[in-house]
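**Student:** One predicted model, sequence on top.
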Amino acid sequence: MGVANSSKHPSFRRRSEDEEEKEGGRERRREEEEEEELEKVKNSALSFSTDQVACLCEALLQAGNVDRLHRFLSTVPPSAELLRGNETLLKARALVAFHREEFAELYAILESHDFHPANHGFLQDLYLRARYKEAERSRGRSLGAVDKYRLRKKFPLPKTIWDGEETVYCFKEKSRNALKECYKSNRYPTPDEKKNLAKVTGLSLTQVSNWFKNRRQRDRTPSGGTQSKSGSMERLTAFLHTLSLSHASTSTTLAELESVLKARAVVAFHQGRFADLYGLLEGFPFSQRCHLLLQQLWLRAHYAEAERQRGRPLGAVGKYRIRRKFPLPHTIWDGEEISYCFKTYPSTREKRDLAAATGLTVTQVSNWFKNRRQRDRTTNGPDRPRYSARNTARILVRFSTVGRCMFSSVSSKERDMIILNRTQRIRSPEEIQ
């Protein structure tokens, strides 16, 4: 109560009013002093040399005091000779124009003078940020990565602050060429050579070292496998040229004949002779153990033909349409689509049986059931229907085409046998819980 009453006392009100007057007087004196200093600077600005102006602007730029920098630049007449060729002053004016959101003036400053490459990074950042702010203001929302990319393509950097060379993953083409030339002569450069490369390319010593390390790893990994594969394919092609199916002996077994046809199909695929490949695959009924390899060749050949015609890689939908348009021939396919059978909570023994029948691991089988239960739980919600033991065993996932199976492929006879043998010992989800 004492504190509340003291704020209403006349003497307390007089003291607060006196303090407010003193504070207002201090602010007025400070403003007057700043105006006097500004007048002095205005009167003496024309007497500054170019180096002095550049030094002052550089100091204010490093300090990041845009307000003081703006007040100082207002003392320099636009028609003064100091503005001509003084990049530090022009850079300062560009920064002030950006912070005051005078973007037209900023663009005019950046396009009116060929700046030194040392200032390109700072001015490019101002230019792009100004474009982003203008777009955000006009659209009324913040920009995403795609929006910024489109703006950079729509408003490329002016030649006055850009050397015209694209930067890909922080490496310019000149820097990349210099690194490649050094790599051809020496794959393991010395520390001195790395330092010289860093100076020439403008990269850091760590970037140069990492580039050489990654390049050696790329050359070490794929080249050996590619060369050996191409060499094996050449030897296989040369061997097949010595054979002729029309002169094959009568004692030749079906397996040997099938192996020759399969080898010819592989060679035709790698040589891009897809018409010959299709003729081979459709002209002989292959055994089931060859179906998987030949089905892959058939589909990959049709994908490659479609990509060549369209001039672009195929997506998932494009490949699906190709599979529907060009179904597998019956010579490499038994004509039966793949289906799946499962119960909601299989036992450990049933998981082992499924793993042995499908060629998967027990972990893969368990993860498949777990993920499927989660998808059903998310889709149907808590009020999903409860399945009986027999209906749970008879649940079948939607048919899919050959080669697109998430789980094990089984024929209809095998599926019925599995269901018949296991429905006797299947428990319902209610019993499990």
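**Tutor:** Here it is on my side, so go on.
**Student:** Helices of the stretch 101-250 of the chain, residue ranges please.
**Tutor:** Under the criterion DSSP state H, counting those that start in this stretch, the stretch 101-250 of the chain contains helices at 103-111, 120-139, 145-154, 173-185, 191-201, 205-220, 222-241.
**Student:** how about those in CSV, adding distance to Ser347?
**Tutor:** All C-beta atoms are positioned from the backbone trio N, CA, C, and that covers glycine. Shown next, in CSV, are the helices of the stretch 101-250 of the chain (distance: least, Cβ to Cβ, whole Å):
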stretch, distance to Ser347
helix 103-111, 70
helix 120-139, 58
helix 145-154, 49
helix 173-185, 58
helix 191-201, 61
helix 205-220, 46
helix 222-241, 43
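**Student:** Just say which of those is most tucked in.
**Tutor:** helix 103-111 (a mean of 17; mean count of other Cβ atoms under 10 Å).
**Student:** For that helix, which helices and strands make contact with it?
**Tutor:** Helix 103-111 is packed against helix 87-99, helix 120-139, with contacts defined by 3 or more Cβ pairs under 8 Å, 6 or more residues apart in numbering; DSSP states H and E.
**Student:** Throw the helices of the stretch 101-250 of the chain into CSV and include mean pLDDT and distance to Gly315, thanks.
**Tutor:** Output for those, formatted as CSV (pLDDT from 0 to 100; distance: least, Cβ to Cβ, whole Å):
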stretch, mean pLDDT, distance to Gly315
helix 103-111, 90, 40
helix 120-139, 91, 30
helix 145-154, 89, 18
helix 173-185, 86, 30
helix 191-201, 90, 37
helix 205-220, 88, 27
helix 222-241, 65, 25
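**Student:** looking at the ones you listed, which is closest to Arg321?
**Tutor:** Closest approach to Arg321 among these (Cβ to Cβ): helix 145-154, 27.0 Å.
**Student:** Give me the contact list for that closest one.
**Tutor:** 128, 131-132, 135, 143 (Cβ atoms under 8 Å, 6 or more residues apart in numbering).
**Student:** Does Glu21 belong to a helix, a strand or coil?
**Tutor:** helix (DSSP: H, G, I helix; E, B strand; the rest coil).
**Student:** Can you give me the pLDDT of it?
**Tutor:** Glu21 is assigned a predicted lDDT (pLDDT) of 74.
**Student:** thinking again about what came up before, from the contacts of helix 145-154, pick the one nearest Ala97.
**Tutor:** Ala97 has its nearest neighbour among the contacts of helix 145-154 in Arg131, at 13.7 Å by Cβ to Cβ.
**Student:** Surely that closest one and Phe155 touch.
**Tutor:** Yes: between Arg131 and Phe155 there is a contact under Cβ atoms under 8 Å: 5.2 Å.
**Student:** intersection of neighbour lists for those two?
**Tutor:** Counting by Cβ under 8 Å, 6+ apart, Arg131 and Phe155 have no common neighbour.
**Student:** picking that back up, could I get the helices and strands packed on helix 103-111 in CSV, plus columns for distance to Leu281?
**Tutor:** Shown next, in CSV, are those (distance: least, Cβ to Cβ, whole Å):
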stretch, distance to Leu281
helix 87-99, 65
helix 120-139, 55
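**Student:** Out of those helices, which gets nearest to Ala108?
**Tutor:** With Cβ to Cβ as the criterion, Ala108 lies closest to helix 87-99 of those, at 8.7 Å.
**Student:** name the helices or strands packed onto that closest one?
**Tutor:** Packing partners of helix 87-99 (3+ Cβ pairs under 8 Å, 6+ apart): helix 50-63, helix 66-73, helix 103-111, helix 120-139.
**Student:** relative to helix 103-111, how tilted is the last one?
**Tutor:** Using axes from the mean of the first three to the mean of the last three Cα atoms, to 10 degrees, one finds that helix 120-139 and helix 103-111 are set 160 degrees apart in direction.
**Student:** can you check the second one too?
**Tutor:** Per the same axes, to 10 degrees, the angle that helix 66-73 makes with helix 103-111 is 70 degrees.
**Student:** could you say what helices and strands helix 66-73 packs with?
**Tutor:** helix 50-63, helix 87-99.
**Student:** What of the longest one?
**Tutor:** With contacts taken as 3+ Cβ pairs under 8 Å, 6+ apart, helix 120-139 sits against helix 87-99, helix 103-111, helix 145-154.
**Student:** Tell me which of the ones you listed sits nearest to Val208.
**Tutor:** helix 145-154 (27.2 Å).
**Student:** ok, and for the helix or strand harbouring Ala268, which residues are buried?
**Tutor:** Element membership of Ala268 [criterion: DSSP states H and E] is helix 254-270. Neighbour-count burial for helix 254-270, counted by 16 or more other Cβ atoms under 10 Å, picks out 258, 260-262, 264-270.
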